[in-house]
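Engineer: predicted model, plus sequence, below.
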Amino acid sequence: MKILKSLIPRPLIAAGRLLQVFLGSHGHSRRVSGMPVDGQGKFIPWLTYPMIEFLNGFDFTDATVFEFGTGGSTLYWAGRARNVVSVELDAAWAARLAGIAPANVRIIHEPNGHLYAEAPIALDRTFDVIVVDGAERYRSTRAAIGCLSPGGMIILDNAEWYPNCAALLAESGLIEVAFSGFPPINAFPSTSSAFLSRDLRFARLPRAVPVGGQALAGGALDDKY
């Protein structure tokens with residue numbers, strides 16, 4: 001094996017490793033029922049991979065989640081949060097998700113764009129996590145700010161496409177952390193931003209090896225260095 005490695009140009013080895021991580025571990029081009037999945041076939045959000053890694057580091061067991069737009073993220077959150085409410089413009093897609101979603105998920109079909117954006121307001125409650133990743137983003141963003149629970153977070157996908165939404169969230173006092181990189185399926189990078197409350201309430205999970213990464217033999221390095 002060492003002889004073989006010495007004969008193969010290092011850039012070619014690196015390219016092969018990147019493809020292994022990207023297409024294998026991340027499952028970049030894989031879909032199930034039209035929705036992105038990881039290398040193990042588990043549903044994941046259509047957010048950037050750095051954002052997904054960030055979310056995987058929190059304990060959302062007791063969290064309530066509201067989504068503008070349904071999809072693989074709905075099933076991802078269903079497995080991690082106490083309950084999920086998603087609003088969807090498309091009737092057929094809403095019915096499809098409702099047919100496979102678990103009991104802790106509520107799918108709301110709302111074909112009217114104005115009512116769609118105001119869906120969380122109509123529920124007269126707050127949510128710990130609100131995901132703005134569907135239609136009517138600016139008005140959805142305004143609604144999200146008023147429906148966020150203390151200590152919660154708002155996620156804005158494609159933040160580079162919606163600078164007015166990002167500015168509105170920042171002006172509300174939330175702290176933006178931008179995660180730029182490749183998302184599932186797409187062949188171009190984008191930015192998913194987390195807008196965090198200054199008193200963020202979610203507990204951190206033990207730090208895990210990132211998807212496709214390698215664990216350090218013998219455990220972690222001593223922090224004294």
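Structural biologist: Structure's in. What do you need? Worth saying up front: this structure is predicted, and the values here are computed from it rather than measured.

Engineer: tell me the SS of residue 65?
Structural biologist: What DSSP: H, G, I helix; E, B strand; the rest coil gives for residue 65 is strand.

Engineer: over to residue 194?
Structural biologist: Here residue 194 takes the strand state, with states given by three-state DSSP.

Engineer: now do the contacts for the closest residue to it other than its chain neighbours.
Structural biologist: Distance criterion CB to CB, 6 or more residues apart in numbering; nearest residue to residue 194, sequence neighbours excluded, is residue 177 at 4.9 Å. From N, CA and C alone the C-beta is placed, and that goes for glycine too. Contacts for residue 177 (CB atoms under 8 Å, 6 or more residues apart in numbering) come out as 54, 193-196.

Engineer: what stretches of this structure score poorly on pLDDT?
Structural biologist: 1-10, 12-16, 18-19, 21-22, 216-225 (pLDDT under 70).

Engineer: which stretches of the chain form helices?
Structural biologist: 2-7, 10-19, 49-56, 72-78, 91-100, 113-117, 119-122, 137-146, 163-171 (DSSP state H).

Engineer: regarding this protein, what is its longest strand?
Structural biologist: The longest strand of the chain (DSSP state E) is strand 148-156.

Engineer: just give me the neighbour total for the closest residue to residue 130 other than its chain neighbours.
Structural biologist: The spatial neighbour of residue 130 that comes closest, neighbours along the chain excluded (CB to CB, 6+ apart), is residue 144 at 4.3 Å. Using other CB atoms under 10 Å, residue 144 has 28 neighbouring residues.
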